[in-house]
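1. Requesting a structural model of the entry that follows:
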Amino acid sequence: MPEPLVLIPGMMCDARAVWHQTIALSAERAVTVAPPVAGTTVEEMAVATLDQSPARFALAGQGLGANVALEMLRRAPERISRIALIAFSAQADPSAQSVAREPRIVGAQAGRLAEVMREEVPEAWLADGDARPEILGMLRDMALTLGEGVFVRQSRALQRRGDQQAVLRRATLPALVICGADDPATLPRRHHFMAELMPQARCVEIVLCGHLPTMEQPEIVTGVLEDWLRAPLPAR
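-> Next up is the predicted model:
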């Protein structure tokens, strides 16, 4: 039986951010969506997700979810059969970016979460296209559903995250890196570099796609994940 899959969405995203992948991939395996909402550090979020995950599983994360996935791999490599990392950075939060999060945290706490989300994920971070307004609207709706408490905790987790490049270098399992060709937030060249750090990784760059691949190009991302999941695992 195919190994189950755990999907971890990104910042202020719930299962709607990976709806297409969840529905399509569930035809062949059990799929769990685990938004990183518990804890104020990547480490705490990883522990909480591991506690609710199967004994052994494939793992995919986007953005903050990818950081949580890497911490899960660091803590329990024997439980993870393969890993996919989408639109992420393995480096610690740059100081300027960390400082810039503070007014957004204050704004969320003051009840301006919808406005803050327009700053957190600017329109320019998504590829130009007819679907962009709908995607931004869904992102706002997901954020308002999760609430300002989750926003603050996730922002703190991103501020406090450490450099995870050493985890990439030690990741000897089958790995996949996915990025949007038009992503100005996490540049494609950085994704190719991170994939090169991993002994068994390949990088897939998706055209007409920005910072939210699972929502901007859901069919293509699902197809790439299907190929990754169907590839035979090396002998243990």
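2. ranges for the helices of the protein?
-> For the chain, the helices defined by DSSP state H cover 19-25, 42-51, 64-75, 95-109, 113-120, 132-146, 148-160, 165-170, 188-197, 213-216, 218-230.
3. For the fourth one, what does the pLDDT average out to?
-> If I follow you right, that is helix 95-109. Helix 95-109 carries an average pLDDT of 96.
4. ok so, going back, mind putting the helices of the chain into TSV with mean neighbour count?
-> Using the backbone N, CA and C atoms, a C-beta is placed for each residue, glycine as well. As requested, those are exported to TSV (neighbours: other C-beta atoms under 10 Å):
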stretch	mean neighbour count
helix 19-25	18
helix 42-51	20
helix 64-75	25
helix 95-109	14
helix 113-120	18
helix 132-146	16
helix 148-160	19
helix 165-170	16
helix 188-197	17
helix 213-216	26
helix 218-230	17
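5. can you redo those as a markdown table with distance to Pro9?
-> Compiled in a markdown table, the helices of the chain are given as follows (distance: least, C-beta to C-beta, whole Å):
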| stretch | distance to Pro9 |
| --- | --- |
| helix 19-25 | 10 |
| helix 42-51 | 11 |
| helix 64-75 | 5 |
| helix 95-109 | 18 |
| helix 113-120 | 14 |
| helix 132-146 | 8 |
| helix 148-160 | 11 |
| helix 165-170 | 20 |
| helix 188-197 | 18 |
| helix 213-216 | 8 |
| helix 218-230 | 13 |
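6. pLDDT wise, what is the most centrally placed residue in the chain at?
-> Centroid-nearest residue in the chain: Gln62, 1.3 Å away (criterion: C-alpha atoms, centre = their mean). pLDDT recorded at Gln62 is 98.
7. before we move on, what about Gln165?
-> 97.
8. for Arg29, same thing?
-> Looking at Arg29, its pLDDT is 97.
9. tell me the contacts of it?
-> Counting by C-beta atoms under 8 Å, 6 or more residues apart in numbering, Arg29 touches Met1, Pro2, Glu3, Pro4, Leu5, Ala58, Leu229.
10. Could you tell me which of the residues you listed belong to strands?
-> Among those, the members found in strands (DSSP state E) are Leu5, Ala58.
11. Can you say which of the contacts of Arg29 are buried?
-> With neighbours counted using 16 or more other C-beta atoms under 10 Å, these contain these buried positions: Glu3, Pro4, Leu5, Ala58, Leu229.
12. in stretch 167-186, what counts as buried?
-> For stretch 167-186, a neighbour-count test (16+ other C-beta under 10 Å) marks 167-168, 171, 173-180, 182-183, 185-186 as buried.
13. So what pairs up with the residue nearest to the centre of the chain in the strands?
-> Taking DSSP bridges, one finds Ile86 as the beta-bridge partners of Gln62.
14. Tell me who's in contact with it.
-> Contact partners of Gln62, counting by C-beta under 8 Å, 6+ apart, are Ile8, Pro9, Gly10, Cys13, Ala17, Val18, Ile86, Ala87, Phe88, Leu212, Pro213, Thr214.
15. Apply 7 Å and report the result again.
-> Going by C-beta atoms under 7 Å, 6 or more residues apart in numbering, Gln62 touches Pro9, Gly10, Ile86, Ala87, Thr214.
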